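S.K.: build me a model from this:
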Amino acid sequence: MQQVRVRVGQSLSTIALRYNTTVDAIMAANPTIQNKDMIHIGDRLDIPGRDDRIAHVRNVPLPIPRPTDIDGPKPVSPARPPVAPTAPTAPRNLANLSEADIQALTRAVAAEARGESPAVWEAVAQTIINYSRQTGMSIPRLVRTSYLSSNFDGNRHFYTMAMGRIPNHDAIRRAVLGAADYKSPVGRRSHFYDTSIGMPSWGDRHSRVQVGHVVFLNSK
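M.R.: Below you'll find the predicted structure:
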């Protein structure tokens, strides 16, 4: 081990580089150094030689060796039971819709809101379900009445069109099944109108909630 004096512009890093050692080795040889950045000009430092560094390294705990085949057979982890694939969750259909109800609602939503988002489709379907439950009128019968504007505004053809030809048929049907689970924010509201027209005089403005370009509300 040799001793050197710290000169102007030197740091532990430059001293370690000059004497082919490391900052950690110098700090280990000089216990009074608490901070590697706090050395002063004129300080005398013990610089470890090669043998000192080897001795320092020997004091470092060695990692515990892992067992090898020579040490004997390795322990076998218990096999995990196979995980069964999770089946997709089917809609709950809390509204207890029949297939005829679902098809009638799919046609009605296509006629009333085919250009809107799935959230609007679901809200329109749920509103029609609400009105059907409140009046006791079946959904297939209800969608043929003046309750829906599509029966007199030129969109009646969606009620006779082949199901496979209805635009976005599969997506609208999924929205109808979501409405059967009462997931839409319209709650129990039973009427709706497009924002392009004024609010109907019979509407209760305090019950309004808007989804997309459609307002849902109750009557007064």
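
S.K.: buried stuff in stretch 124-135?
M.R.: For stretch 124-135, burial by neighbour count (16 or more other Cβ atoms under 10 Å) applies to 124-132. C-beta coordinates here come from the backbone N, C-alpha and C atoms, glycine included.

S.K.: could these go into CSV alongside secondary structure?
M.R.: Shown next, in CSV, are the buried residues of stretch 124-135 (DSSP: H, G, I helix; E, B strand; the rest coil):
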residue, secondary structure
Val124, helix
Ala125, helix
Gln126, helix
Thr127, helix
Ile128, helix
Ile129, helix
Asn130, helix
Tyr131, helix
Ser132, helix
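
S.K.: lowest confidence element among the helices and strands of the chain?
M.R.: helix 50-58 (a mean of 51; mean pLDDT, DSSP states H and E).

S.K.: buried residues in the very next helix or strand once past that one?
M.R.: Following helix 50-58 in sequence order, the next helix or strand is helix 99-113 (DSSP states H and E). Going by neighbour count (16+ other Cβ under 10 Å), the buried part of helix 99-113 is 101-113.

S.K.: now tabulate the buried residues of stretch 124-135 in TSV and tack on pLDDT and distance to Met199.
M.R.: Shown next, in TSV, are the buried residues of stretch 124-135 (pLDDT from 0 to 100; distance: Cβ to Cβ, whole Å):
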residue	pLDDT	distance to Met199
Val124	96	17
Ala125	95	22
Gln126	94	20
Thr127	96	15
Ile128	96	19
Ile129	94	22
Asn130	94	19
Tyr131	95	18
Ser132	95	23
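
S.K.: C-terminal to the strand or helix carrying Val176, what's the next element?
M.R.: With elements taken from DSSP H and E, the one containing Val176 is helix 169-180. Later in the chain than helix 169-180, the nearest helix or strand by DSSP H and E is strand 191-194.

S.K.: show me what that next one packs onto, helices and strands only.
M.R.: helix 118-135, strand 214-217 (3 or more Cβ pairs under 8 Å, 6 or more residues apart in numbering; DSSP states H and E).

S.K.: got the buried residues of stretch 124-135 as TSV, with distance to Gly198 columns?
M.R.: Below are those laid out as TSV (distance: Cβ to Cβ, whole Å):
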residue	distance to Gly198
Val124	19
Ala125	24
Gln126	24
Thr127	19
Ile128	22
Ile129	26
Asn130	23
Tyr131	21
Ser132	26
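
S.K.: Arg174: which of those residues is nearest?
M.R.: Each of these was scored against Arg174 by Cβ to Cβ, and Ala125 proved nearest at 10.4 Å.

S.K.: pretty sure that closest one is touching Arg173, no?
M.R.: No. Here Ala125 lies out of contact with Arg173, judged by Cβ atoms under 8 Å, at a distance of 9.7 Å.

S.K.: poorly predicted segments of the protein, please.
M.R.: Along the chain, the parts satisfying pLDDT under 70 run over 50-93.

S.K.: got the domain ranges for it?
M.R.: 2-58, 99-217 (automatic domain parsing).

S.K.: of those domains, flag the one that's most buried.
M.R.: Of all the domains of the chain, domain 99-217 carries the top mean neighbour count, a mean of 18, counting by mean count of other Cβ atoms under 10 Å.
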